[in-house]
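Engineer: Provided below for reference: sequence and predicted model.
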Amino acid sequence: GENVEQHPSTLSVQEGDSAVIKCTYSDSASNYFPWYKQELGKGPQLIIDIRSNVGEKKDQRIAVTLNKTAKHFSLHITETQPEDSAVYFCVASEGTGANNLFFGTGTRLTVIP
Amino acid sequence: EAGVAQSPRYKIIEKRQSVAFWCNPISGHATLYWYQQILGQGPKLLIQFQNNGVVDDSQLPKDRFSAERLKGVDSTLKIQPAKLEDSAVYLCASLLDMNTEAFFGQGTRLTVV
């Protein structure tokens, strides 16, 4: 099955700085790579996703990049704000959508005001 | 639009007891998942339903876990008998179809003592 590795496990940044989370996956058949944000006591919430036919996608302060050859994908958050503090999960899926999601181990992001 | 509803939010039981969790997906969502999230880890798939049929239960410990989705709407996940290592958050997710986003409920936090 798919194996998703995620780094770092914890990340602290000053408000306004950028944060980068990196992931690798093992199954070359994976085509869909969503990122989820999980706040304390809540379920994961989709923040952005990218499919294998695209190398980069941006949504306001959030951007994701995908390198299918190297099986790497990354999340970039610019101009971080305290409300960005949460656990972020990278995910890989063999389907074209959210079919059989394989989660990374998570990154706890803390934005220091 | 109402989200995925789960109950109870918290449950504490003794080992060897039984417990059941309930999930009400978003209206019209044909696909429903149960995930297990152990503290400090990413969610791991237990079972996937398409309407009222099981699509994938390969990761479900069938000697103690069971799940059903009667009438293709609500679903229940049962553990009998529970073990200490079953302590986790149990998340339910639903999606309209395989090409769309998965929506997660808040989860049920189970503590087995």
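Structural biologist: Sure, I can see it.
Engineer: So which bits of chain A are right by chain B?
Structural biologist: A:4, A:6, A:34, A:36, A:41-46, A:49, A:89, A:91, A:95-106 (C-beta under 8 Å from any C-beta of the partner chain). (Glycine included, C-beta is placed from N, CA and C.)
Engineer: quick one: contacts for the residue of chain A most remote from its centre?
Structural biologist: Residue farthest from the centre of chain A, counting by C-alpha atoms, centre = their mean, is residue A:113 at 22.6 Å. By C-beta atoms under 8 Å, 6 or more residues apart in numbering or on different chains, the residues touching residue A:113 are A:15, A:82.
Engineer: if I look at it, how far off is residue B:57?
Structural biologist: Here the criterion is C-beta to C-beta, to the nearest Å. By it, residue A:113 lies 46 Å from residue B:57.
Engineer: Just the buried residues out of the residues of chain A next to chain B, in PyMOL syntax.
Structural biologist: Buried residues among the residues of chain A next to chain B (16 or more other C-beta atoms under 10 Å in any protein chain shown), as a PyMOL selection:
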select buried, chain A and resi 4+6+34+36+43+44+49+89+91+97+98+99+100+101+102+103+104+105+106
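Engineer: Tell me where chain A has strands.
Structural biologist: For chain A, applying DSSP state E gives strands covering A:4-7, A:10-14, A:19-25, A:32-38, A:45-51, A:56-59, A:62-67, A:72-77, A:86-93, A:101-103, A:107-112.
Engineer: Kindly export the longest one (C-alpha atoms) in CSV.
Structural biologist: Only the C-alpha atoms of strand A:86-93 are listed here, as CSV (Å, rounded to 0.1, in the frame of the first residue of the first chain):
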residue,chain,number,x,y,z
ALA,A,86,-3.1,23.7,13.7
VAL,A,87,-2.0,20.2,12.6
TYR,A,88,-1.5,19.8,8.9
PHE,A,89,-1.7,16.5,7.1
CYS,A,90,-0.5,15.7,3.6
VAL,A,91,-2.4,12.9,1.9
ALA,A,92,-2.0,10.7,-1.2
SER,A,93,-4.8,8.9,-3.1
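Engineer: what's that strand packed up against?
Structural biologist: On a contact count with 3 or more C-beta pairs under 8 Å, 6 or more residues apart in numbering or on different chains; DSSP states H and E, strand A:86-93 meets strand A:4-7, strand A:19-25, strand A:32-38, strand A:72-77, strand A:101-103, strand A:107-112.
Engineer: Kind regards, and thank you for your time.
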